[in-house]
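Chemist: Return atomic coordinates for the entry below.
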Amino acid sequence: MVSKEQRQRQLARAKQERQDKRRAEARTRAKQRNALIGAALAVVVVAGGGVWIASAVSDDGKDDKTNTAADTPSNAPKPNTKPKTCAEPAPGQPTQEKFQAEPPMSIDTKAAYTMSLKTTCGDVTVKLDAAKAPKTVNSFNFLAEKKYFDHTKCHRMTTAGIYVLQCGDPTATGSGGPGYQFADENLTGATYPAGTVAMANSGPNTNGSQFFLVYKDTQLPPNYTPFGTITGGMDVLQKIADAGTEDGNSDGAPHETVVLNTVTVTK
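Modeler: Reported below is the predicted structural model:
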């Protein structure tokens, strides 16, 4: 029979082993992230074929501190218990249709286009820049006509370092896309102040359907095609941001259920 003291030592040893394992895993993750995103800049990261926007972390023990906090329940992020205020999604499911090639140019690059996002949390209106980002606006016009974005869930939000809501993936996993990719545009001198709408990507010239809406001035390298400016609905975006993430972390699924009921592009 195991004595009380022996059992206590076994439990303590098991706890220490779990903590050591988590710290080792955290260091490994930090090294992997650093290999992908370099030093202390917020950039797009490819994860499992998906498109992610994240802040770099150093390998100087920061992850150990984070892990230690995770070992302390009082310091760990707590599940978000705020009441959800957005409406139920409209009936329907994303098409998840795949297309063999980038659509041929069909827009007038000299014309003014507006994208309307009818979301469960309210309406967001975006002025599109067809002159500076014609391929991007043309792709959104094409996909909106195909109802590709309808019923899709905005799958990711960041509330520290960078301040964006990421949408446009019919799988809501961060890895979905329309089946084609197209080239970057409008990158020279690109900045990302509040109200910017830009493409997420998994490297140069890998734009698909995922995009992000900036709700607070954000520092990013000029690698992500800015193609529009929010002209209405910043209050909607701020409401979503104020609700935080579902798990209480600064990076994750929005706490509010943000679904694009319909997306239209009009001239």
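Chemist: where exactly do the strands run in the stretch 51-200 of the chain?
Modeler: Ranges of strands in the stretch 51-200 of the chain, per DSSP state E, counting those that start in this stretch, are 113-119, 122-128, 152-153, 156-158, 164-167, 196-199.
Chemist: Mind putting those strands into CSV with mean pLDDT, mean neighbour count and distance to Thr264?
Modeler: Placement of C-beta: from N, CA and C, glycine included. Converted to CSV, the strands of the stretch 51-200 of the chain look like this (pLDDT from 0 to 100; neighbours: other Cβ atoms under 10 Å; distance: least, Cβ to Cβ, whole Å):
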stretch, mean pLDDT, mean neighbour count, distance to Thr264
strand 113-119, 98, 20, 5
strand 122-128, 98, 20, 10
strand 152-153, 98, 23, 14
strand 156-158, 97, 27, 23
strand 164-167, 98, 25, 15
strand 196-199, 98, 26, 15
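Chemist: Now distance to Gln219 too, for these, in JSON lines please.
Modeler: Below are the strands of the stretch 51-200 of the chain laid out as JSON lines (distance: least, Cβ to Cβ, whole Å):
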{"stretch": "strand 113-119", "distance to Gln219": "25"}
{"stretch": "strand 122-128", "distance to Gln219": "22"}
{"stretch": "strand 152-153", "distance to Gln219": "27"}
{"stretch": "strand 156-158", "distance to Gln219": "12"}
{"stretch": "strand 164-167", "distance to Gln219": "12"}
{"stretch": "strand 196-199", "distance to Gln219": "12"}
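Chemist: Between those, which one is closest to Asp235.
Modeler: With Cβ to Cβ as the measure, strand 122-128 is the member of the strands of the stretch 51-200 of the chain nearest Asp235 (7.5 Å).
Chemist: Tell me what angle the closest one forms with strand 113-119.
Modeler: Using axes from the mean of the first three to the mean of the last three Cα atoms, to 10 degrees, the inter-axis angle of strand 122-128 relative to strand 113-119 is 160 degrees.
Chemist: Now do strand 122-128: distance to the chain's middle.
Modeler: Centroid separation for strand 122-128 versus its chain: 18 Å, with Cα atoms, centre = their mean, to the nearest Å.
Chemist: wait, which of the strands of the stretch 51-200 of the chain is closest to Glu97?
Modeler: Using Cβ to Cβ, the strands of the stretch 51-200 of the chain put strand 152-153 closest to Glu97, at 11.8 Å.
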